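Enquirer: The sequence isn't on hand, but the structure is:
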């Protein structure tokens, strides 16, 4: 699996073979949300806002207090796409596995094409969003998933269209889009080198997130607020949010479970039948993110046992690349489970796992003693991990930590 586990849809990157050589190849072809290209795409989202947020009510911080950009009210955002920007059918054919089971690639193609055409109609004005469903039978759920599928590709100008669609769905009060568009913003680290035409209005979106959090029923919203607090350095407050999200998840059951997709329904290909038997679908979209972030905080607090429990849930139950990475890092050196976890993390594009695997193979080469063939094998794998780490970094496929 590879992404934010992902921010939107987890991607599996392993094969079913036990041969390591076959595991290396798919890595550069399966993406999470990569860093490369984000700065240019989102530059103006960061740079065009200035601080003008009103004080929070009752002295309580609002989600906007934890967002890593400043916000201001802006006019209706300019359209950031052209008629030709609607992806053609071959684009959707390659991404069929990431669509929900109730939307075909033909549906996605129609939704994106009609969305662009409707938004660009000269007489659209401010009413075009409402006409999507009234005139074209395109509801916020359809917009959300069409955008989500686009976001499972490497960053490109199409991401601007996807974010625009998410914001529209959020404006139409679709909570998953509210959460997702803010989760995308959370990925941003700094502005890019060039000016962009892209502007957007996120104040209303943050207000909606705040209301979802206050209701206490949506574990995705509560998780996202925790992630925003982590980014702003409020780890202890974030820990309370993650615990609250887990409690909410227990209360609501599968009410916020992600929609099934062909990719998500496919059995895991790790080759470990015992591990696969323990895996389950997430109860909410960002459940794995919640457990990973919670585990990191607990680990920093010195509560290693509780941290390992959180990492184990994220990795062994939810098949999260970040979960595998953190679990592997915190298992004893030389542990078979440690190497297995780091291997899965590396195969999902987690570059931090590569030097750890390199060190492991180097240590094994020393332990091989006079067995030259074994020494050479371990050194060869050490070199492979060094090369793979460089390739992933050059491709910009590592994900932004939260």
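Expert: Yep, that arrived. This one's a predicted model, so the numbers in the text were calculated from it and none came from an experiment.

Enquirer: So which bits of stretch 145-163 are buried?
Expert: When burial is assessed from 16 or more other Cβ atoms under 10 Å, stretch 145-163 yields the following buried residues: 145-153, 155, 158-163. C-betas here are computed from N, CA, C, even on glycine.

Enquirer: what's the answer for stretch 91-102, then?
Expert: Residues of stretch 91-102 classed as buried: 91, 92, 95, 97, 98, 99, 100 (neighbour count, 16+ other Cβ under 10 Å).

Enquirer: Show me the helices in the stretch 201-350 of the chain, by range?
Expert: Across the stretch 201-350 of the chain, reading from the start of the chain, the helices by DSSP state H, counting those that start in this stretch fall at 203-215, 219-231, 235-252, 262-265, 273-278, 287-300, 304-312, 321-330, 336-347.

Enquirer: In JSON lines, list the ones you listed along with mean pLDDT, distance to residue 362 and mean neighbour count.
Expert: As requested, those are exported to JSON lines (pLDDT from 0 to 100; distance: least, Cβ to Cβ, whole Å; neighbours: other Cβ atoms under 10 Å):
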{"stretch": "helix 203-215", "mean pLDDT": "88", "distance to residue 362": "46", "mean neighbour count": "18"}
{"stretch": "helix 219-231", "mean pLDDT": "93", "distance to residue 362": "33", "mean neighbour count": "27"}
{"stretch": "helix 235-252", "mean pLDDT": "96", "distance to residue 362": "34", "mean neighbour count": "18"}
{"stretch": "helix 262-265", "mean pLDDT": "61", "distance to residue 362": "35", "mean neighbour count": "14"}
{"stretch": "helix 273-278", "mean pLDDT": "61", "distance to residue 362": "26", "mean neighbour count": "12"}
{"stretch": "helix 287-300", "mean pLDDT": "97", "distance to residue 362": "25", "mean neighbour count": "25"}
{"stretch": "helix 304-312", "mean pLDDT": "97", "distance to residue 362": "25", "mean neighbour count": "18"}
{"stretch": "helix 321-330", "mean pLDDT": "96", "distance to residue 362": "17", "mean neighbour count": "26"}
{"stretch": "helix 336-347", "mean pLDDT": "91", "distance to residue 362": "13", "mean neighbour count": "22"}
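
Enquirer: Next up, the contacts around residue 241.
Expert: Applying Cβ atoms under 8 Å, 6 or more residues apart in numbering, one finds that residue 241 lies in contact with 222, 223, 225, 226, 229.

Enquirer: Check the gap between it and residue 214 for me.
Expert: Residue 241 is 12 Å from residue 214, where distance means Cβ to Cβ, to the nearest Å.

Enquirer: Check residue 368 too.
Expert: As for residue 368, its distance to residue 214 is 59 Å (criterion: Cβ to Cβ).

Enquirer: One more: residue 121?
Expert: For residue 121, the distance to residue 214 (Cβ to Cβ) stands at 37 Å.

Enquirer: And the buried residues of stretch 145-163, which is the shakiest by pLDDT?
Expert: Within the set of the buried residues of stretch 145-163, pLDDT is lowest for residue 155 (80).

Enquirer: did I read that right, it in a strand?
Expert: No. Under DSSP: H, G, I helix; E, B strand; the rest coil, residue 155 sits outside any strand and is assigned coil.

Enquirer: tell me the contacts of residue 218?
Expert: Applying Cβ under 8 Å, 6+ apart to residue 218 gives the contacts 175, 179, 212, 248, 256, 284.

Enquirer: And residue 112, by the same measure?
Expert: The contact partners of residue 112, taken as Cβ under 8 Å, 6+ apart, are 86, 87, 146, 150, 161, 165.

Enquirer: Give me the pLDDT for the residue nearest to the fifth one when sequence neighbours are not counted.
Expert: On the basis of Cβ to Cβ, 6 or more residues apart in numbering, the spatially nearest residue to residue 161 that is not a chain neighbour turns out to be residue 81, at 4.9 Å. In the predicted model, residue 81 carries a pLDDT score of 75.

Enquirer: Residue 280 now?
Expert: The per-residue pLDDT reported for residue 280 equals 92.

Enquirer: what's near enough to touch it?
Expert: If you count contacts by Cβ under 8 Å, 6+ apart, residue 280 has them with 317, 318.

Enquirer: could you measure it against residue 318, distance?
Expert: As for residue 280, its distance to residue 318 is 7 Å (criterion: Cβ to Cβ).

Enquirer: likewise residue 184?
Expert: From residue 184 over to residue 318 the distance is 21 Å, taken as Cβ to Cβ.

Enquirer: How about residue 110?
Expert: Distance of residue 110 to residue 318, given as Cβ to Cβ: 33 Å.

Enquirer: try residue 96
Expert: Here residue 96 is placed at a distance of 23 Å from residue 318 (Cβ to Cβ).

Enquirer: Same check on residue 349?
Expert: 17 Å.

Enquirer: Those two - which one has more neighbours?
Expert: When residue 349 and residue 318 are compared on other Cβ atoms under 10 Å, the one with more neighbours turns out to be residue 349, at 29 against 24.

Enquirer: Correct me if wrong: that one contacts residue 322.
Expert: No. With contact defined as Cβ atoms under 8 Å, residue 349 and residue 322 do not form a contacting pair (10.8 Å).

Enquirer: sec struct for residue 173, please.
Expert: At residue 173, secondary structure determined by three-state DSSP is coil.

Enquirer: Was I right to think it contacts residue 140?
Expert: Yes. The pair residue 173 and residue 140 qualifies as a contact (Cβ under 8 Å) at a distance of 7.4 Å.
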